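> sequence first, then the predicted structure:
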Amino acid sequence: MRFRLVLLTLASVLLLAACHSVKLPKLPLPTDLLPQAQPIRPLADAKKILQDATPCCTTFADFSYQMLLPWRPQRFQLGPGSPVVAINNSRSYFLSFTLPPDVKLPYTIGLKSELVGRSVTSGSYLFAPTVVQLDETFQPIDTQDVKLCEYMGWTNDESGAFGSVEVTSNKARYLVVYSSAKQQSDSTYWEQSASTFSTSTTTNTPAATTIGGSYKIQHGPEGVVWVGMMDRTYKEAVSKAVCGKAPQGNGLLNSLGADLGLRRSP
């Protein structure tokens, strides 16, 4: 229903564009949707601070598991002052949880990383999680570098780079979230929405679209990550998130017409 309302709004703007060059209503973009509460460190500085930090732990058995996995995704800030682990050829800030004991298997854990920076074109990065499930003796039974996919909702809480992992083993007792060396050297696809329409000077019809473009956001050692049991909001975000460039279509006008049930005259 929300998507159809958006399409109707865009269709109205396109009708206005027949006479004028107009700007679309302000759509949620990473540059203004995800303000940062903490000072933004350049990626090189963030990496150096992490490498200079003294690790507290070198094995999963060293971690504290006093915190129960939240019943819905909760916000955690990882960076200077957070505990550091040196494990599997990686140095990383981390979180550790006890898994809820009485939840029916299988169940899903939702994750989200927020963009660090106000512009996707000027050195932004994000914390990309690696999730490890451990048994009662703190031995790994499942390890995943979580693939993050971008979703822009109507609020900050509904926007970011989303992912999920499934817990299927009855041996799983603990959970660790850190960022592996592979994750820290990788990137996440990020796309901005259309921002302007212009009109043809000869036909007075919409002729060009200026779009924000698509980018590869580098993974960094610090940032905000949300972790917890999957809820409805996160489930919807994961199902609709953009994980890569979409196949070439027939254009925005044709797509709008099809979605609104309109047909072009031959």
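The structure has been received and is ready for your questions. Owing to the predicted nature of the structure, the values given are computational and were not obtained by experimental measurement.
> can you pull the contacts of Gln66?
Thr98 (CB atoms under 8 Å, 6 or more residues apart in numbering). To be clear about C-beta, it is placed using only N, CA and C from the backbone, and glycine gets the same treatment.
> what helix or strand is it on?
Assigned by DSSP states H and E, Gln66 falls within no helix or strand.
> same check on Gly123?
Per DSSP H and E, there is no helix or strand for Gly123.
> so who does it touch?
Counted by CB under 8 Å, 6+ apart, Gly123 has contacts Pro42, Leu43, Gly117.
> top of those by neighbour count?
Neighbour tally across the contacts of Gly123 (other CB atoms under 10 Å): the maximum, 23 neighbours, falls on Gly117.
> neighbours of the residue nearest to that one when sequence neighbours are not counted, just the number please.
Residue nearest to Gly117 in three dimensions, not counting chain neighbours: Ser124, with 3.3 Å by CB to CB, 6 or more residues apart in numbering. The local packing of Ser124 (other CB under 10 Å) involves 23 other residues.
> Ser124 and Glu114 touch, don't they?
No: with contact defined as CB atoms under 8 Å, Ser124 and Glu114 do not form a contacting pair (10.3 Å).
> for Ala237, give me phi and psi.
phi -60, psi -40 (degrees, to the nearest 10).
> who does the nearest residue to it once chain neighbours are set aside bridge with?
Distances taken as CB to CB, 6+ apart place Tyr151 nearest to Ala237, at 4.3 Å, with adjacent residues excluded. For Tyr151, the beta-bridge partners are Gly160 (DSSP bridges).
> ok, now which ones touch Tyr151?
Here Tyr151 is in contact with Glu158, Ser159, Gly160, Ala161, Phe162, Ala237, Val238, Lys240, Ala241, Val242 (CB under 8 Å, 6+ apart).
> now do 6 Å
Phe162, Ala237, Lys240, Ala241 (CB atoms under 6 Å, 6 or more residues apart in numbering).
> next one: Gly228
Counting by CB under 6 Å, 6+ apart, Gly228 has contacts Pro70, Arg72, Pro73, Gln74.
> who's the residue nearest to the last one when sequence neighbours are not counted bridged to?
Once its chain neighbours are removed from consideration, Gln74 has its nearest residue in Gly228; the separation is 5.0 Å (CB to CB, 6+ apart). Per DSSP bridges, the residues bridged to Gly228 are Gly110.
> against Leu69, how distant is Gly228?
With distances taken as CB to CB, to the nearest Å, Gly228 is found 6 Å from Leu69.
> also Leu148?
For Leu148, the distance to Leu69 - CB to CB - is 19 Å.
> what do you get for Val132?
13 Å.
> any idea how far the nearest residue to Met229 once chain neighbours are set aside lies from Asp62?
Spatially, and ignoring its direct neighbours in sequence, Met229 is nearest to Trp71 (5.2 Å; CB to CB, 6+ apart). Separation of Trp71 from Asp62 (CB to CB) stands at 26 Å.
> just the CA trace of stretch 53-71, in PDB.
Output of stretch 53-71 as PDB, limited to C-alpha atoms (Å, rounded to 0.1, in the frame of the first residue of the first chain):
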ATOM      1  CA  ALA A  53      44.100  -0.800  20.800                       C
ATOM      2  CA  THR A  54      45.000  -3.600  23.200                       C
ATOM      3  CA  PRO A  55      42.900  -6.700  22.700                       C
ATOM      4  CA  CYS A  56      41.100  -8.100  25.700                       C
ATOM      5  CA  CYS A  57      40.500 -11.500  24.200                       C
ATOM      6  CA  THR A  58      42.100 -14.000  21.800                       C
ATOM      7  CA  THR A  59      39.600 -16.900  22.100                       C
ATOM      8  CA  PHE A  60      35.800 -17.000  22.300                       C
ATOM      9  CA  ALA A  61      36.100 -18.500  25.800                       C
ATOM     10  CA  ASP A  62      37.600 -15.200  27.000                       C
ATOM     11  CA  PHE A  63      34.400 -13.300  26.300                       C
ATOM     12  CA  SER A  64      31.700 -12.200  28.800                       C
ATOM     13  CA  TYR A  65      28.300 -13.600  27.900                       C
ATOM     14  CA  GLN A  66      26.300 -11.800  30.600                       C
ATOM     15  CA  MET A  67      24.100 -10.000  28.100                       C
ATOM     16  CA  LEU A  68      21.000 -11.800  26.700                       C
ATOM     17  CA  LEU A  69      20.300 -11.400  23.000                       C
ATOM     18  CA  PRO A  70      17.700  -8.600  22.800                       C
ATOM     19  CA  TRP A  71      14.200  -9.700  22.000                       C
END
